[in-house]
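A.B. asks: have a look at this fold, sequence not included:
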């Protein structure tokens, strides 16, 4: 009787499947990128850490940490602080690592319909200088927009100083992240088709990276804001437009050439209102300030043409007729898209930015109540809805993170 060890597989080798992309193993260079990202994220999440601290947090050796951080020290991104006392254990005092105050800064641009906001940001996430400008969103002179951006950048960049690491640009519309081109901005058609990345890079002689505003906002949350240390979450921007940046398992979701992320234009009403994009029933048609103002006018509420979430919440707090009901309907409309996102991708945490912040915790609770009433129950628990800080600079910080992720070849 033959044993299992005596048996031989006499089957012919299977032919490799056709049309299937190869699945490469992780290369040493990619492993280095992952390790560098984890070290930097630990610093952003916690603050200054010694090599020993980082070794404990990442489950590796102090020598391995030294190999990862030394190139960043040599390039001026990181610096060693003053020795810390080793306490009762004795031994060589540890020197915490942190971002060098004399290291290269990063230029951040936020391009909105009719408005440009620019900041100079340190690698540690400090806002060093700001400037802003305006342009005609419905005009035809795209060159004037480029000049406005360059003028704002000139006002924040130190003359004759160390050039910044690069320029990160957040655009409030569709972008092609591969070419650095603005594809379409519904509220600012002057930007449509503008190869802004190439034009700025040529004039500044610096690398320039473009991305969709909500994704840049999500990067800011991930590296510098309320999602530090969180692997999966959604970052929502709610104002005259609606956008969502998604981070799943630590990576920002972009889609091919940045085509993903237009969640505000997912259909929630088949025969709904006409959207700025030309289609009907988009989530954006029922969950933005434009919907709120239209409904406030129909109800005859005070200052209806300029109604915001904050002013409506104040009317509701004073028991003005119809205000509380409108606030609740607006919260329900916002919850519709959040429920869909949670059911499909389960980010678990939703951070609200934009004008929704002014609605305060009462408005947040209303959204959360509607979400929990519609969500399927799961052992992971219900999603959490939180408000961003009103005074944060998360988009500028995210634009800086965009440059850092490209320059340091991080996974973001």
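C.D. replies: Great, that's in hand. These figures come from a predicted structure and were not determined experimentally. Residues are numbered from 1 along each chain as shown.
A.B. asks: mean confidence for the helix ranked longest in the chain?
C.D. replies: When the chain is parsed with DSSP state H, its longest helix is helix 323-345. Helix 323-345 comes out with an average pLDDT of 96.
A.B. asks: could you point out the helix or strand that follows that helix?
C.D. replies: strand 349-354 (DSSP states H and E).
A.B. asks: Three-state assignment for residue 111, please.
C.D. replies: Per DSSP: H, G, I helix; E, B strand; the rest coil, the secondary structure class of residue 111 is strand.
A.B. asks: what about stretch 47-67, start to end distance?
C.D. replies: Taking CA to CA, to the nearest Å, stretch 47-67 runs 20 Å from one end to the other.
A.B. asks: mind listing what's buried in it?
C.D. replies: Neighbour counts over stretch 47-67 (16 or more other CB atoms under 10 Å) mark 48, 49, 50, 51, 52, 53, 54, 55, 57, 60, 65 as buried. The way it works is simple: take the backbone N, C-alpha and C, and place the C-beta from them, glycine included.
A.B. asks: out of those, which one has the lowest pLDDT?
C.D. replies: Within the buried residues of stretch 47-67, pLDDT is lowest for residue 60, at 87.
A.B. asks: tell me the secondary structure at that residue.
C.D. replies: Taking three-state DSSP, the label given to residue 60 is coil.
A.B. asks: circling back: the longest helix of the chain vs strand 349-354, what angle?
C.D. replies: 130 degrees (axes from the mean of the first three to the mean of the last three CA atoms, to 10 degrees).
A.B. asks: from what I see, residue 258 and residue 213 are in contact.
C.D. replies: No. Contact criterion CB atoms under 8 Å: residue 258 and residue 213 do not qualify, at 11.5 Å.
A.B. asks: the more surrounded of the two?
C.D. replies: residue 213 (26 against 21; other CB atoms under 10 Å).
A.B. asks: so where's the stretch 251-400 of the chain uncertain?
C.D. replies: Scanning the stretch 251-400 of the chain for pLDDT under 70 picks out nothing.
A.B. asks: which parts of it are helices?
C.D. replies: 289-299, 309-317, 323-345, 360-374, 394-407 (DSSP state H, counting those that start in this stretch).
A.B. asks: starting at the chain centroid, how far to the last one?
C.D. replies: What that stands for is helix 394-407. Relative to the mean C-alpha coordinate of its chain, helix 394-407 is positioned 9 Å out (CA atoms, centre = their mean, to the nearest Å).
A.B. asks: what's the angle from it to strand 349-354?
C.D. replies: Going by the same axes, to 10 degrees, helix 394-407 makes 120 degrees with strand 349-354.
A.B. asks: who are the packing partners of helix 394-407?
C.D. replies: In terms of contacts (3 or more CB pairs under 8 Å, 6 or more residues apart in numbering; DSSP states H and E), helix 394-407 is packed against strand 106-112, strand 115-121, strand 127-134, strand 167-171, strand 208-212, helix 213-224.
A.B. asks: please identify the buried residues of the longest helix of the chain?
C.D. replies: 323-324, 326-339, 341-342.
A.B. asks: quick one: the closest residue in space to residue 283 that isn't next to it in sequence from residue 95, how far?
C.D. replies: Spatial nearest neighbour of residue 283, excluding adjacent residues (CB to CB, 6 or more residues apart in numbering): residue 337 at 4.4 Å. As judged by CB to CB, to the nearest Å, residue 337 and residue 95 stand 48 Å apart.
A.B. asks: the most centrally placed residue in the chain: what's it in contact with?
C.D. replies: For the chain, the residue nearest the mean C-alpha position is residue 218 (1.9 Å; CA atoms, centre = their mean). Applying CB atoms under 8 Å, 6 or more residues apart in numbering to residue 218 gives the contacts 227, 233, 234, 235, 245, 246, 247, 252, 398.
A.B. asks: 6 Å instead, please
C.D. replies: By CB atoms under 6 Å, 6 or more residues apart in numbering, the contact list for residue 218 reads 235, 245, 247, 252.
A.B. asks: swap in residue 332?
C.D. replies: The contact partners of residue 332, by CB under 6 Å, 6+ apart, come to residue 370.
A.B. asks: that one and residue 387, how far apart?
C.D. replies: Counting by CB to CB, the gap from residue 332 to residue 387 is 18 Å.
A.B. asks: circling back: with distance to residue 134 as added columns, please give the helices of the stretch 251-400 of the chain in CSV.
C.D. replies: Below are the helices of the stretch 251-400 of the chain laid out as CSV (distance: least, CB to CB, whole Å):
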stretch, distance to residue 134
helix 289-299, 20
helix 309-317, 24
helix 323-345, 29
helix 360-374, 30
helix 394-407, 17
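A.B. asks: which of the ones you listed sits closest to residue 75?
C.D. replies: helix 394-407 (9.5 Å; CB to CB).
A.B. asks: what lies in contact with the closest one?
C.D. replies: Residues external to helix 394-407 that are found in contact with it (CB under 6 Å, 6+ apart): 106, 108, 110, 119, 121, 125, 165-166, 168, 170, 209, 211, 216-217, 219-221, 223-225, 412.
A.B. asks: recalculate using a threshold of 7 Å.
C.D. replies: 106, 108-110, 119, 121, 123, 125, 127, 165-170, 207, 209, 211, 213, 216-221, 223-225, 353, 388, 410, 412 (CB atoms under 7 Å, 6 or more residues apart in numbering).
A.B. asks: the inter-axis angle of it versus strand 167-171?
C.D. replies: Angle between the axes of helix 394-407 and strand 167-171 is 130 degrees (criterion: the same axes, to 10 degrees).
A.B. asks: got the buried residues for helix 394-407?
C.D. replies: Buried positions in helix 394-407, judged by neighbour count with 16+ other CB under 10 Å: 394-407.
A.B. asks: what's the closest of the residues you listed to residue 314?
C.D. replies: Of the buried residues of helix 394-407, the one sitting nearest to residue 314 (CB to CB) turns out to be residue 394, at 24.9 Å.
A.B. asks: for the closest residue to the closest one other than its chain neighbours, give its distance to residue 277.
C.D. replies: Distances taken as CB to CB, 6+ apart place residue 220 nearest to residue 394, at 3.6 Å, with adjacent residues excluded. Per CB to CB, residue 220 is found 26 Å from residue 277.
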